[in-house]
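below: sequence and its predicted model.
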Amino acid sequence: MNLVILTPEKEIFNGEVTSVKVPGMMGQFEILNNHAPIVSSLSEGEIRIKETSGSSKRYSIEQGFVEVINNEVSLLVRGLAAVE
């Protein structure tokens, strides 16, 4: 599935991934291939990405939204910082 992460300033990530974990308002949840369509607000926490190449990335966010439609995942976030 394709993931795009956007902040108000710029595009942070655009690529193929196998999973994305996000901090939903009611707790963390994971998005996998063929996930049902969803729109959800995100709370402060960590986004964890597993790329198809096997590598992973982590970002902390203050807040945001996630939308999933037809294996296209869009994250619109504020207060993003890479986690090492």
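Alright, I've got the coordinates. If you're wondering where the values come from, they're calculated on a predicted model, not measured in any experiment. Numbering: from 1, shown residues only.

other SSEs contacting the strand ranked longest in the chain?
The strand spanning the most residues in the chain, taking DSSP state E as the definition, is strand 11-24. Other elements packing on strand 11-24 under the criterion 3 or more Cβ pairs under 8 Å, 6 or more residues apart in numbering; DSSP states H and E are strand 2-6, strand 27-32, strand 38-42, strand 45-51, strand 56-61, strand 72-78. All C-beta spots, glycine's among them, are computed from the backbone N, C-alpha and C.

in the sheet, which strands lie alongside the first one, parallel or antiparallel?
Strand partners for strand 2-6, identified by DSSP bridges, are recorded as strand 11-24 (antiparallel), strand 72-78 (parallel).

circling back: okay, the helices and strands packed on strand 11-24 in JSON lines with mean neighbour count, distance to residue 16 and mean pLDDT next?
Output for the helices and strands packed on strand 11-24, formatted as JSON lines (neighbours: other Cβ atoms under 10 Å; distance: least, Cβ to Cβ, whole Å; pLDDT from 0 to 100):
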{"stretch": "strand 2-6", "mean neighbour count": "18", "distance to residue 16": "6", "mean pLDDT": "98"}
{"stretch": "strand 27-32", "mean neighbour count": "13", "distance to residue 16": "13", "mean pLDDT": "96"}
{"stretch": "strand 38-42", "mean neighbour count": "14", "distance to residue 16": "19", "mean pLDDT": "97"}
{"stretch": "strand 45-51", "mean neighbour count": "18", "distance to residue 16": "7", "mean pLDDT": "97"}
{"stretch": "strand 56-61", "mean neighbour count": "16", "distance to residue 16": "13", "mean pLDDT": "96"}
{"stretch": "strand 72-78", "mean neighbour count": "17", "distance to residue 16": "11", "mean pLDDT": "97"}
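
before we move on, the earlier item: now render the strands paired with strand 2-6 as TSV, adding distance to residue 50.
Converted to TSV, the strands paired with strand 2-6 look like this (distance: least, Cβ to Cβ, whole Å):
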stretch	distance to residue 50
strand 11-24	5
strand 72-78	12
